[in-house]
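Asker: What follows is a protein structure lacking sequence information:
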Ligand code: TYD
Ligand code: MG
């Protein structure tokens, strides 16, 4: 193995020094030096096969037309929702980062993936820096998995991990978690920015060299970003986030970056006594607890990636006894809600200045689309008037400051999903309604131009 040397580089100007100093001699900034590892470049081998050309292999440029088509097969994980988020399955040599709050179920899901792959005859290595082999066995017992070909290693020194990876030569490996891995030759503690960066780049190099596909678990900070550096996200091929309330059992898996597929795909799971279960029909599940006939609720069809998802938007308004009434928002942007309340007051005569307003999106979903505006408005008005919206009604549309209702993208998809789940009266922007020539059978489309119209149609 080539000798490794560590250097300290200034994060502000890039100045390098072999010794740590408090103040960068290059730019004079304080406390900006960070340790990193340099290893002498490996000798370039003979001419490289074009198909295997990768960064760092010393290959020469090729014409785009001469590069062979990528015919790498994707390996299905045996969990359809995960495959959907990955863009079809695992790509050979890919490094995939899975982030999420502690206890959300990352280790559980990955152990299930490992078991499925081992079941399918793959060689799989699960490396844990957090749990002992026995603890993993316990978890496996709970999940009722015990396939041959699934190797488990409790280790957190990366040089040992590297030599085991070369020894076992797994097709798929899991590293749980990147924050516990460390390179002993570096002085900084495991979990520090420089350790995480160096560990990830070493794993990345290993993946590309050996063709092993690797899942890496990353913990999340209080602010919700993957702990340590954003640079982690730049380095890896795929970044997935696991979201969802720990109290509720739904888990949403989202792709934030994917070099092999589309982002914004969403996978829906549920944590059960026997691990993560796929939720095949999320719209139905999300609406299953809906209080029919109660005021302050409107159904909206959102779009997560290519998937239409129905959700129950709830609002509660009640007489406020505070100087500045309370606005509590769960699952939507509070700024957007403030805007919609103002629009309702000015353009539709629905006053909420003396009301506490609570907004909630059932199921722990986050509404990020403006297309949800009209449903939010309808839910608020329904609560203000204490009149329920019909159980067969779904609402969508973006609301502008003049109270106008604007078109939503991919309305036909949404209409189809609403129809599938038995919603027969759909209040949508007029332009969208005009464009849909033949709506699904039994569905009535009501096109509206303004919030005021929507309110007068529904109440
Ligand atoms: P875990 O996968 O350890 O979370 P992470 O690796 O993201 O920190 O999940 C731990 C939680 O999941 C724990 O609170 C127990 C619960 N759990 C189940 O509900 N069912 C199961 O089958 C398993 C294995 C765990
Ligand atoms: Mg874990």
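Answerer: Noted; the coordinates are in hand. Keep in mind that this is a model prediction, so the values were computed, not measured. Ligands and ions are numbered 1, 2, ... in the order given.
Asker: Give me the buried positions along the top helix by length along the chain.
Answerer: Criterion DSSP state H: the longest helix present in the chain is helix 193-210. For helix 193-210, a neighbour-count test (16 or more other CB atoms under 10 Å) marks 193-200, 202-204, 206-208, 210 as buried. C-beta coordinates here come from the backbone N, C-alpha and C atoms, glycine included.
Asker: Quick check: end-to-end length of stretch 273-293?
Answerer: 33 Å (CA to CA, to the nearest Å).
Asker: Mind checking the pLDDT average for it?
Answerer: Mean pLDDT, computed over stretch 273-293, is 83.
Asker: which residues touch it?
Answerer: 79-81, 105, 108-109, 111-112, 142-144, 250-251, 267-271, 297, 299, 301, 307-312, 362-363, 365, 388, 391, 417, 420-421 (CB atoms under 8 Å, 6 or more residues apart in numbering).
Asker: Please repeat the previous calculation with a cut-off of 6 Å.
Answerer: Residues outside stretch 273-293 that contact it (CB atoms under 6 Å, 6 or more residues apart in numbering): 81, 105, 108-109, 112, 143, 268-270, 309-312, 363, 388, 391, 421.
Asker: just those residues that are near ligand 1?
Answerer: 105, 108, 143 (CB under 6 Å from any ligand atom).
Asker: Would you format these as a markdown table with neighbour count, pLDDT and secondary structure included?
Answerer: Converted to a markdown table, these look like this (neighbours: other CB atoms under 10 Å; pLDDT from 0 to 100; DSSP: H, G, I helix; E, B strand; the rest coil):
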| residue | neighbour count | pLDDT | secondary structure |
| --- | --- | --- | --- |
| 105 | 21 | 91 | coil |
| 108 | 19 | 94 | helix |
| 143 | 16 | 92 | helix |
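Asker: just to revisit the earlier point, specify which member of the buried residues of helix 193-210 is nearest to residue 137.
Answerer: residue 203 (24.6 Å; CB to CB).
Asker: can you pull the contacts of that closest one?
Answerer: Residue 203 touches nothing, counting by CB under 6 Å, 6+ apart.
Asker: burial count for the residue in the stretch 301-450 of the chain positioned nearest to ligand 1?
Answerer: Residue nearest to ligand 1 within the stretch 301-450 of the chain (CB to the nearest ligand atom): residue 364, separated by 15.8 Å. By the criterion of other CB atoms under 10 Å, residue 364 has 20 neighbours.
Asker: That one and residue 212, how far apart?
Answerer: Distance, residue 364 to residue 212, using CB to CB, to the nearest Å: 34 Å.
Asker: Wasn't residue 367 part of a helix?
Answerer: No: going by DSSP: H, G, I helix; E, B strand; the rest coil, the assignment for residue 367 is coil, not a helix.
Asker: Could you give the number of residues near the nearest residue to residue 422 once chain neighbours are set aside?
Answerer: Counting by CB to CB, 6 or more residues apart in numbering, residue 422 lies nearest to residue 392, which is 7.0 Å off, once chain neighbours are set aside. By other CB under 10 Å, the residues close to residue 392 number 16.
Asker: Tell me how many other residues surround residue 122.
Answerer: That count, for residue 122 with other CB under 10 Å as the rule, works out to 18.
Asker: same question but for residue 233, I mixed them up
Answerer: 17.
Asker: what's the answer for residue 63, then?
Answerer: Neighbours around residue 63, by other CB under 10 Å: 6.
Asker: I'd like to know how far it sits from residue 100.
Answerer: From residue 63 over to residue 100 (counting by CB to CB), the distance is 42 Å.
Asker: Residue 296 versus the closest residue to residue 457 other than its chain neighbours, what's the distance?
Answerer: Leaving out its chain neighbours, the residue that sits closest to residue 457 by CB to CB, 6+ apart is residue 446, at 5.8 Å. From residue 446 across to residue 296, the span is 21 Å (CB to CB).
Asker: out of those two, which sits in the more crowded spot?
Answerer: residue 296 (25 against 16).
Asker: ok, the more buried one - contacts?
Answerer: Residue 296 neighbours (CB under 6 Å, 6+ apart): 314-316, 379, 382-383.
Asker: Give me the below-cutoff pLDDT ranges for the stretch 101-250 of the chain.
Answerer: Flagging of the stretch 101-250 of the chain using pLDDT under 70 yields the residue ranges 221-231, 245-248.
Asker: Strands of the stretch 351-459 of the chain, residue ranges please.
Answerer: Using DSSP state E, counting those that start in this stretch, the strands found in the stretch 351-459 of the chain span residues 355-361, 393-395, 398-399, 405-406, 425-429, 444-448.
Asker: Quick one: those as a markdown table, columns for distance to residue 337 and mean pLDDT too.
Answerer: Converted to a markdown table, these look like this (distance: least, CB to CB, whole Å; pLDDT from 0 to 100):
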| stretch | distance to residue 337 | mean pLDDT |
| --- | --- | --- |
| strand 355-361 | 6 | 95 |
| strand 393-395 | 16 | 95 |
| strand 398-399 | 11 | 96 |
| strand 405-406 | 17 | 96 |
| strand 425-429 | 20 | 96 |
| strand 444-448 | 20 | 95 |
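Asker: What's the local residue count around residue 354?
Answerer: So residue 354, with other CB under 10 Å, has 11 neighbours.
Asker: List the contacts of residue 399.
Answerer: Per CB under 6 Å, 6+ apart, neighbours of residue 399: 343, 373-374, 451.
Asker: What residues are bridge-paired with the residue in the stretch 151-300 of the chain that ligand 1 sits nearest to?
Answerer: Proximity of the stretch 151-300 of the chain to ligand 1 (CB to the nearest ligand atom) peaks at residue 275, 4.1 Å away. Taking DSSP bridges as the rule, residue 275 bridges to residue 272.
Asker: now swap in residue 214 and tell me
Answerer: Those that pair with residue 214 in a beta bridge, by DSSP bridges, are residue 95, residue 173.
Asker: contacting residues around residue 161?
Answerer: 127, 155.
Asker: Wasn't it part of a helix?
Answerer: Yes: judged by three-state DSSP, residue 161 forms part of a helix.
Asker: how near is it to residue 183?
Answerer: The value you get for residue 161 to residue 183, if CB to CB is used, is 10 Å.
Asker: ok, and what's touching stretch 207-217?
Answerer: The contact list for stretch 207-217, computed with CB under 6 Å, 6+ apart, reads 54, 90, 92-98, 106, 110, 170, 172-178.
Asker: ok, that stretch near ligand 1 or not?
Answerer: No: Stretch 207-217 lies out of reach of ligand 1 by CB under 6 Å from any ligand atom, never closer than 6.7 Å.
Asker: Burial check on residue 69, number of neighbours?
Answerer: Neighbours around residue 69, by other CB under 10 Å: 6.
Asker: about what we covered before: which of the contacts of residue 296 tops the neighbour count?
Answerer: Neighbour-wise, those (other CB under 10 Å) top out at residue 379, 28 neighbours.
Asker: who's in contact with that one?
Answerer: Counted by CB under 6 Å, 6+ apart, residue 379 has contacts 296-298, 313, 315.
Asker: Appreciated, that's everything.
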